[in-house]
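Q: next input, structure requested:
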Amino acid sequence: MTVRKRASALSPSEKQRYIDCINQLNSGPGPTPFATLVSFHADMSHNMHGSMGTVGRQRFLPWHRRFLMELEKKMQAIDPLAFIPYWKWTTNRSLPSWINNDKPTVKVPAVSGMPGTTITVTRSSTHPSGLPTAAQLDNLVKNTSIDYTQFTSQLEGYHNVVHGWVGGTMNNIMVSPSDPVFWMHHAMIDRLWSLWQAKPGNAGKKPTLSGANATLDPWTDTAANVSSIAMLGYSYGP
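A: Reported below is the predicted structural model:
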């Protein structure tokens, strides 16, 4: 069982392990494994954001859960102890200082709707007051009277605010995964979903997807396949 720890609670070796794994996945000739992952997110045909319509809203959480798993699997092939930490921006109101200098250059291959491009990560974060608050997220996670669509719509809204707050590369939907902060941010989003799922009465609240829309392309997994983080073999630390 992989435990994804809070970014502010990592040991020096755990911090370095995360940075080193991403750097290794982003090294070498041709499209690197990391750049290829970024290109998956640049391909809007995967329909994985609420801004794309009803189906994208339903796919947002399961698609990104599967996306995180893909990076973590590649990291663990390098170092079995590796994991994606989560940035708890509700209480840690600034970017983790240990990631400040980790701004890779990523040669993203061409995909439908975007030519090949080279991105050097930038950030332009602002005052902490611009981040969603702990009270806002606590109210959302504890709310068992709403359905999945209402939950994911509100959570994606908070998610969008954090992307804009970090700024720079994170504010470009096509290439935002080039920034290692992206993965820590989305681990936080995934953690919040898992906490809401665990609330009494929420177990049956799932994405309303059917047919091809239920398949989380470019993978063959369906939204149902990724509904339980315990079944997927990971959990979140405090």
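Q: what about the nearest residue to residue 158 once chain neighbours are set aside, how many neighbours?
A: With CB to CB, 6 or more residues apart in numbering as the criterion, residue 158 has its nearest non-adjacent residue at 4.3 Å, and that residue is residue 132. Quick note: C-beta positions are derived from backbone N, CA and C, even for glycine. Neighbours of residue 132 under the rule other CB atoms under 10 Å: 18.
Q: and residue 132, what are its phi and psi?
A: Dihedral angles of residue 132 (phi, psi; degrees, to the nearest 10) stand at phi -60, psi 150.
Q: pLDDT at residue 127, what is it?
A: Looking at residue 127, its pLDDT reads 87.
Q: likewise residue 74?
A: Here the pLDDT value assigned to residue 74 is 98.
Q: is it in contact with residue 33, as I believe?
A: Yes: contact criterion CB atoms under 8 Å: residue 74 and residue 33 qualify, at 5.5 Å.
Q: between these two, what contacts are shared?
A: Shared contacts of residue 74 and residue 33, defined by CB atoms under 8 Å, 6 or more residues apart in numbering, comprise residue 25.
Q: who touches the residue nearest to residue 158 in this structure?
A: 89-90, 158, 161-162.
Q: select only the buried ones of those residues in PyMOL?
A: Buried subset of the contacts of residue 132, written as a PyMOL selection, criterion 16 or more other CB atoms under 10 Å:
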select buried, resi 89+90+158+162
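Q: which one of the contacts of residue 132 is nearest to residue 225?
A: residue 158 (25.5 Å; CB to CB).
Q: and the closest one, that one's in a helix?
A: Yes: under DSSP: H, G, I helix; E, B strand; the rest coil, residue 158 sits within a helix.
Q: measure it to residue 164 for me?
A: Per CB to CB, to the nearest Å, residue 158 is found 11 Å from residue 164.
Q: what is the burial count for residue 199?
A: Neighbours of residue 199 (other CB under 10 Å): 13.
Q: just the pLDDT for the nearest residue to residue 227 once chain neighbours are set aside.
A: Excluding the flanking residues, the one nearest residue 227 by CB to CB, 6+ apart is residue 206, at 6.1 Å. Per-residue pLDDT puts residue 206 at 97.
Q: equivalent analysis for residue 97, please.
A: 95.
Q: from now on call the first residue 158
A: Sure, I'll start numbering at 158, so the last one becomes residue 254.
Q: for it, grab phi and psi.
A: phi -60, psi -30.
Q: centroid residue for this structure?
A: In the chain, the residue lying closest to the centroid (CA atoms, centre = their mean) is residue 343, at 2.5 Å.
Q: how about the longest helix seen in the chain: buried residues?
A: Counting by DSSP state H, the longest helix found in the chain is helix 211-235. Residues of helix 211-235 classed as buried: 212-229, 231-232 (neighbour count, 16+ other CB under 10 Å).
Q: no further queries at this time; thank you.
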